[in-house]
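A.B. asks: Structure, please.
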Amino acid sequence: MSKAAEVASVSTLYTELKKYIRISEWKQVLKTCNKIIHTKDGRQETLAMISKIVCFIRMSQFAEAIKFIAATPEVQELATFEKAYCQYRLLKLDDALETINDVEEPDLRTLDLKAQIFYKLGHYSECLPIYKKLMKECSDDMEEERMTNYIAVNAALSMFENTKTKMKFLPTSYEQYYNAGCMKLGEEEYDEANKLFKLAEDACRKMLADEPDITEEEIEADVAPIKVQMAYTLQLLGKEDEALQIYHQIVRSRPSDVALLAVASNNIITINRDQNVFDSRKRMKATVANGVDSKLVVQQKKKIDFNRALLFMYSNQWDSCKQLLKMMKSKFEGEEMPYLIQAAMLCREKGLSEAIKFLLSYIEAHSDPEIYGHLDMTNVKLALIQMMLQNEQIPQACELLEGMEDICYKPAIISLLVALYKQHGDNQVDAITQLFDRAIKWNMLSKENKADLTVIMWKCALFHVQHKNNQEAAQVLEKMLSMDPNNVKVMAQLIFAYSKLNREKAHQISERLPSLAELSIEVNVDELEAAASAPRYIKRQKEKKMESAATTGDGGEQAAKKLDIISERSQQMIKTKKKKKKKNPAPKHFQADFVPDPERWVTLRERSTYKGRRKDKRKGATMKGSQGTFSASADQYDMSAKPSTSGTSQASANPAGGATSASGGQQASTSQTNSPKPTPTTARGGGTQASKNKKKKKRGKGGW
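C.D. replies: Down below sits the predicted model:
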């Protein structure tokens, strides 16, 4: 083939390539690129090579694209952005950042990708200036999306790094409303955040409602992330029941977004705490599903792992908890939470002593300031102090707490130390005095909070006065008076201290006190007395009417005079009203002259009035007489007058209940006329009179 023919064929292939790209037939694009590259001069066709790389990206074959770039040196310098993007999509974030850093003069799209890599790595401080630069230099169709990402970076700084951003903007889309709400969450303005999330939901529904091809299920799927964040806001506001209801609603809808399902399940676990462990273990499976790690930021992964470890601990799964903690220690270096969870696990598994030994060894291993100076051991030491106090190791706890100078000389910690010293023994006055002296010196040198210094010095003076160390108390009060010369309270306490030491000095200081007239300038005695004596409802009514009268204008003075008259009358009524003395009412059916029986608490048989049980006179008597029947048939029913036969003796010996057969019919007897039929009452165990008397005998043992 001649050279002209080859050029014509390559030109034809490029025409086909453009056609396939226009209709997004990426497989045909790939075949056409391969045809161009495999021509005689194909190694010079860098445009076809770049098109092949883009085709791999469009087909989501990022690994194949990286292999082709590595095997083709002709495009390695030209395809730096494509290579970094493929590494980013494969979650090789460090490699992607290294690839971009090799570019000397990055263009705008490279800077945009670099900002996204920083955001994914959790380096929000490095990400923020890049977006600022892009927003200043770019003006295209992606401007609104960059603004949304810029707000998202500010929200992440506010939520995850406690950095307050002074950003003011007017949201124009539901994504911007959402990110603004997240920013308010980081600033702990939960009510305002909840309002923004509601606006984001309304804006999202309104935008999607205009699309004719979108179903209601798709709208709910798009709104689901906003609802989860709204539930998180309610959870922070203490409305856990409402938040739990929304979380369950999202989980039951089975969203396709695994990250959303993981976040909702994790938040349900946090609400359950250590109560509903079975439900929490079921929810935990969603937090470790495939694809979750690629869609969550670093802080979210960290919190989910912490909650998993706590759940293992509460369910006594020690081996699983240890394995997870080991992974967390290597994954999150410098994080103290894994060690605190392990200490809590040892406390539950083996006791306080083992947990204390573990934390002591951890503190000792990380005590070198040159290597571990960046670590903040405050929480670990406070947890260790709490365990020591529970284990009654008060001296060791006090020693460790005094070694923490950053918090030791705060008023709350000093109060705790003083209480611990007093609990440890009564001879700790010197130790408490030295503690106060160190705290005063430290706060005077730091000059951070003058209010804390004033509180510490005042408590120190009161402690010295309580223990009759008036000289030390006077010295502390003199320093306080030099800081605030017009403090009447300090003057009065200083006068009291000097009254025990030097009365002349006390007299000199007392002359500096303001007079009673000066002290009572702003005090209205009449108002104080009226407020103390007037009823509450009259006072409220007066205030309400005064406010309404003030708004009306001239009628305010007349209304005030009337209310003053009412208040004076109420005060007179209070003074003249006397309390009536009420006598204790007598109980019902009370008899004043009634004398109770002195033997009422004695057993009935032991009383003097007991006459014994009444004898049954009917015992042994036969049933004779007409029993109310006709006199002519009385002899017929007199059973004692009849001759005794075997059949009659059997009938009289058995009660009527035992005279029925198994089939329910009546047994045959020798004399049909002398065998009465059983009745329903006897069939239920009523029996004859003789059997009733026997039962009475059985119940007659003992009693009153």
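A.B. asks: For the residue nearest to the spatial centre of the chain, give its distance to E504.
C.D. replies: Geometric centre of the chain, nearest residue: I271, 5.8 Å, by Cα atoms, centre = their mean. Using Cβ to Cβ, to the nearest Å, we find I271 at a distance of 68 Å from E504. (Each C-beta comes from the backbone N, C-alpha and C, glycine too.)
A.B. asks: do F590 as well
C.D. replies: According to Cβ to Cβ, F590 and E504 sit 73 Å apart.
A.B. asks: what's the answer for K19, then?
C.D. replies: Distance from K19 to E504, by Cβ to Cβ: 110 Å.
A.B. asks: Counting neighbours, go ahead and name the busier of those two.
C.D. replies: Ranked by neighbour count (other Cβ atoms under 10 Å), K19 and E504 place K19 first, with 13 against 8.
A.B. asks: Are we agreed that the more buried one is in a helix?
C.D. replies: Yes - K19 sits within a helix when classified using DSSP: H, G, I helix; E, B strand; the rest coil.
A.B. asks: how much space between it and M328?
C.D. replies: For K19, the distance to M328 - Cβ to Cβ - is 54 Å.
A.B. asks: next one: R205
C.D. replies: If you measure R205 against M328 using Cβ to Cβ, the figure is 40 Å.
A.B. asks: For these two, indicate the residue with more neighbours.
C.D. replies: M328 (21 against 15).
A.B. asks: quick one, strands of the protein?
C.D. replies: Taking DSSP state E, the chain contains no strands at all.
A.B. asks: who's in contact with the closest residue to M377 other than its chain neighbours?
C.D. replies: Once flanking residues are discounted, M377 sits nearest to I363: 6.2 Å by Cβ to Cβ, 6 or more residues apart in numbering. Counting by Cβ atoms under 8 Å, 6 or more residues apart in numbering, I363 makes contact with 377, 380-381, 384.
A.B. asks: Mind listing what's buried along stretch 280-289?
C.D. replies: Residues 280-281, 283-284, 286-287 are the ones in stretch 280-289 that count as buried (16 or more other Cβ atoms under 10 Å).
A.B. asks: chain center to it: distance?
C.D. replies: On the basis of Cα atoms, centre = their mean, to the nearest Å, stretch 280-289 sits 19 Å off its chain's mean C-alpha point.
A.B. asks: got it, and stretch 109-129?
C.D. replies: 33 Å.
A.B. asks: do stretch 181-191 as well
C.D. replies: With Cα atoms, centre = their mean, you get 17 Å for stretch 181-191.
A.B. asks: picking up where we left off before, the residue nearest to the centre of the chain and Q235 touch, don't they?
C.D. replies: Yes - using Cβ atoms under 8 Å, I271 is in contact with Q235, at 6.8 Å.
A.B. asks: which residues are in contact with both of these two?
C.D. replies: With Cβ under 8 Å, 6+ apart, I271 and Q235 have common neighbours A243.
A.B. asks: where are the low-confidence patches of the chain?
C.D. replies: Counting by pLDDT under 70, the chain shows low-confidence ranges at 1-8, 42, 426, 517, 519-522, 532-582, 615-704.
A.B. asks: same thing but at 50, please
C.D. replies: Where the chain drops to pLDDT under 50, the residues are 538-539, 628-631, 634, 644-704.
A.B. asks: any chance you could map the helices in the stretch 1-150 of the chain?
C.D. replies: Along the stretch 1-150 of the chain, counting by DSSP state H, counting those that start in this stretch, helices occupy 3-22, 26-37, 46-58, 62-71, 80-89, 93-101, 108-121, 124-137, 143-160.
A.B. asks: Any chance of JSON lines for those, columns distance to P338?
C.D. replies: As requested, these are exported to JSON lines (distance: least, Cβ to Cβ, whole Å):
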{"stretch": "helix 3-22", "distance to P338": "51"}
{"stretch": "helix 26-37", "distance to P338": "46"}
{"stretch": "helix 46-58", "distance to P338": "39"}
{"stretch": "helix 62-71", "distance to P338": "33"}
{"stretch": "helix 80-89", "distance to P338": "29"}
{"stretch": "helix 93-101", "distance to P338": "23"}
{"stretch": "helix 108-121", "distance to P338": "21"}
{"stretch": "helix 124-137", "distance to P338": "23"}
{"stretch": "helix 143-160", "distance to P338": "19"}
